[in-house]
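1. below: sequence and its predicted model.
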Amino acid sequence: MHRLIVALLATVDAAIAVSVGLAATLAPLTLLWVFGFGGGADWGVLWPSAVSVWQFGNLVPLHIALPPEYLAATGIDTDAASFVLSLAPLAFASFTAIFAARSGARASHADAWLSGVLTSTVVFAALATGAALTGANDVAQVETWQAILIPTLVFALPALVAAIVTEWSEAGSGAVARLRDRAQELPHGWGDVPALVARGSAVVVVGLVGVGAAVAAVALFARAGQIVALFQAGDVDALGAAVLTIAQLAYVPTLAVWGLSFVAGPGFTVGEGTAVSPAGTQVGVVPGLPVLGAVPESTTSWLLLLALLPIAVGALAGWIARSRLLHVGEEPVAVAAEDPIGARLVVTAGIAIVSGGAAALLAFVASGSLGPGRLAQLGPEPGPVALAVGLEVLLGAAILLLSPRRESGAVSTPEATTEPIDLPRSTPPGDRNGSE
């Protein structure tokens, strides 16, 4: 495909990624303004509000400064007039990252991955700059460089990774393909190590996120009564309940990461001095957000068995990597030298390290501040989560990757043979298939 067409398609991808994110914010805000404030609403604040929410969803911290009139009307203490919002609703960032990865993979399929990634990144950065400059908000302030750089990185990094992975696995020419071909020329399976580490790590990350989402769903179902009670205690009307529900739905990916950290063992916090983990729960008075009603008041030691799930996911990744390492084309390898312990050790360590790093990144983006006071610290700690996930995945992957394997190519010899086996005369000696 021509590079100009690829650049145009990449431009469209970046524009859609920004416009859909802003539209998903602007549409409910418009309905809120229409039905909540009517004709007396100040429509000029719609765009700045939508931009602030979109930036917040793409990991940009918001510095909230409540005006004195609002404090006087609501009776809020002046000490809570200024705080930082940094616990992002990851639904926005997830959409941006997934759409960017799709764009990068498509640019690779068009044999112009570098041009596509660069073009889409530049266009996305330009649109983020325009939104930051035109959407200044006096209540929710942002650092201009953060409002431009952070959303751009959320888009650019997945696009680049997806493009390189697609090039490595499918491209027939180019710099990445040449590097892959040179790597595959290495003996004893070493050429397959990078692809196996990437494949195994992807299996672990997807599996752990799925496990975390399942645990979060179970908690929401089991504690539905407490969640409803917190909704009722909020004393909001139908419109307010709808807005609150939509806002909490945007935090579903964040809750999945919290579930991941709970399964791994370190758990998470719901405020300063609190802890929620299988080993024990200490929360005190939970902030009055309905979704936090899913936090258990106590836990049982049986929940420590949840740590077997990351081990099982690591074992699955090890099994997939070992299966690929033991096959050349479609024929199983029967020689012990073709199943080297060195390559298996590196693949095992690589899967554990990459998985731990990915878990740390997920924990980092799923933690932060949601208000003043006790809400200043919520979510998992990246370091403990990375260490726990890395060790558990290492154990699971090692079980399958480092265990001894019986040679499947050994040919059994009859104990007693009275007559020799004659080969066809047309077949040269030593070549039973005629193609040695």
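-> Ah, there it is.
2. tell me if residue 227 really is in a helix.
-> Yes - assessed by DSSP: H, G, I helix; E, B strand; the rest coil, residue 227 belongs to a helix.
3. wait, what's in contact with the residue lying closest to it once chain neighbours are set aside?
-> Computed as C-beta to C-beta, 6 or more residues apart in numbering, the closest residue to residue 227 that is not its neighbour in sequence is residue 293, at 3.9 Å. For the C-beta atoms, the positions are set from N, CA and C on the backbone; glycine is no exception. By C-beta atoms under 8 Å, 6 or more residues apart in numbering, the contact set of residue 293 is 223, 226-230, 286.
4. list only buried entries from those.
-> In the contacts of residue 293, burial by neighbour count holds for 223, 226-227, 230, 286, counting by 16 or more other C-beta atoms under 10 Å.
5. least confident of these?
-> When these are compared on pLDDT, residue 286 comes out lowest, with 71.
6. my read: that residue touches residue 270, true?
-> Yes - applying C-beta atoms under 8 Å as the test, residue 286 and residue 270 come out as touching, 6.2 Å apart.
7. joint contacts of those two?
-> Residues touching both residue 286 and residue 270 (C-beta under 8 Å, 6+ apart): 292, 295.
8. for residue 19, give me its contacts.
-> Here residue 19 is in contact with no residue (C-beta under 8 Å, 6+ apart).
9. quick one: the helix or strand containing it to chain centroid distance?
-> According to DSSP states H and E, residue 19 maps onto helix 3-32. Here the centre of helix 3-32 is set off from its chain's centre by 21 Å, with C-alpha atoms, centre = their mean, to the nearest Å.
10. same check, this time on stretch 59-78
-> How far stretch 59-78 lies from its chain's middle: 32 Å, per C-alpha atoms, centre = their mean.
11. how about the helices of the stretch 1-150 of the chain, start to end?
-> Using DSSP state H, counting those that start in this stretch, the helices found in the stretch 1-150 of the chain span residues 3-32, 46-57, 68-74, 90-109, 113-134, 144-170.
12. worst average pLDDT in those helices?
-> helix 68-74 (a mean of 69).
13. shaky segments in the stretch 301-436 of the chain?
-> Low-confidence segments of the stretch 301-436 of the chain (pLDDT under 70): 326-340, 405-436.
14. okay, strands next: where are they in it?
-> 327-328, 331-332, 378-379 (DSSP state E, counting those that start in this stretch).
15. any idea how far the most centrally placed residue in the chain is from residue 277?
-> Note on the chain: the residue nearest the mean C-alpha position is residue 362, at 6.0 Å, using C-alpha atoms, centre = their mean. Here residue 362 is placed at a distance of 17 Å from residue 277 (C-beta to C-beta, to the nearest Å).
16. which residues in the stretch 301-436 of the chain form helices?
-> In the stretch 301-436 of the chain, helices defined by DSSP H, counting those that start in this stretch lie at 308-325, 341-365, 382-401, listed in chain order.
17. can you redo those helices as CSV with distance to residue 187?
-> CSV is the format used below for the helices of the stretch 301-436 of the chain (distance: least, C-beta to C-beta, whole Å):
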stretch, distance to residue 187
helix 308-325, 13
helix 341-365, 10
helix 382-401, 19
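18. those helices: which one's closest to residue 20?
-> helix 341-365 (20.1 Å; C-beta to C-beta).
19. can you check what angle separates that closest one from helix 308-325?
-> Per axes from the mean of the first three to the mean of the last three C-alpha atoms, to 10 degrees, the angle that helix 341-365 makes with helix 308-325 is 140 degrees.
20. got a list of what residue 94 touches?
-> Per C-beta under 8 Å, 6+ apart, neighbours of residue 94: residue 253.
21. show me the helices in the stretch 151-300 of the chain, by range?
-> Under DSSP H, counting those that start in this stretch, the stretch 151-300 of the chain gives helices at 175-184, 193-222, 224-234, 238-249, 252-264.
22. quick one: closest of the ones you listed to residue 396.
-> helix 193-222 (8.6 Å).
23. buried residues, the closest one. List them.
-> By 16+ other C-beta under 10 Å, the buried positions in helix 193-222 come out as 193-205, 207-209, 211-213, 215-216, 219-220.
24. local confidence estimate at the nearest residue in space to residue 208 that is not next to it in sequence?
-> The shortest distance from residue 208 to any non-neighbouring residue, by C-beta to C-beta, 6+ apart, is to residue 260 (5.2 Å). pLDDT recorded at residue 260 is 94.
25. count the residues that sit near residue 260.
-> 29 (other C-beta atoms under 10 Å).
26. verify the stated contact: it with residue 358.
-> No - at 10.3 Å, residue 260 does not count as touching residue 358 under the criterion of C-beta under 8 Å.
27. hang on, the earlier thing: in the helix holding residue 19, what's buried?
-> Across helix 3-32, burial judged by 16+ other C-beta under 10 Å covers 6-7, 9-11, 13-14, 17-18, 21-22, 24-26, 29, 32.
28. repeat for stretch 93-104
-> Residues 93-97, 99-101, 103-104 are the ones in stretch 93-104 that count as buried (16+ other C-beta under 10 Å).
29. chain center to that stretch, what's the gap?
-> The answer for stretch 93-104 is 11 Å, by C-alpha atoms, centre = their mean.
30. contacting residues around residue 232?
-> Residues in contact with residue 232 (C-beta under 8 Å, 6+ apart): none are found.
31. roughly how far does the residue nearest to residue 227 sit from residue 137?
-> Taking C-beta to C-beta, one finds residue 293 at 30 Å from residue 137.
32. and residue 125, by the same measure?
-> Counting by C-beta to C-beta, the separation of residue 125 from residue 137 is 20 Å.
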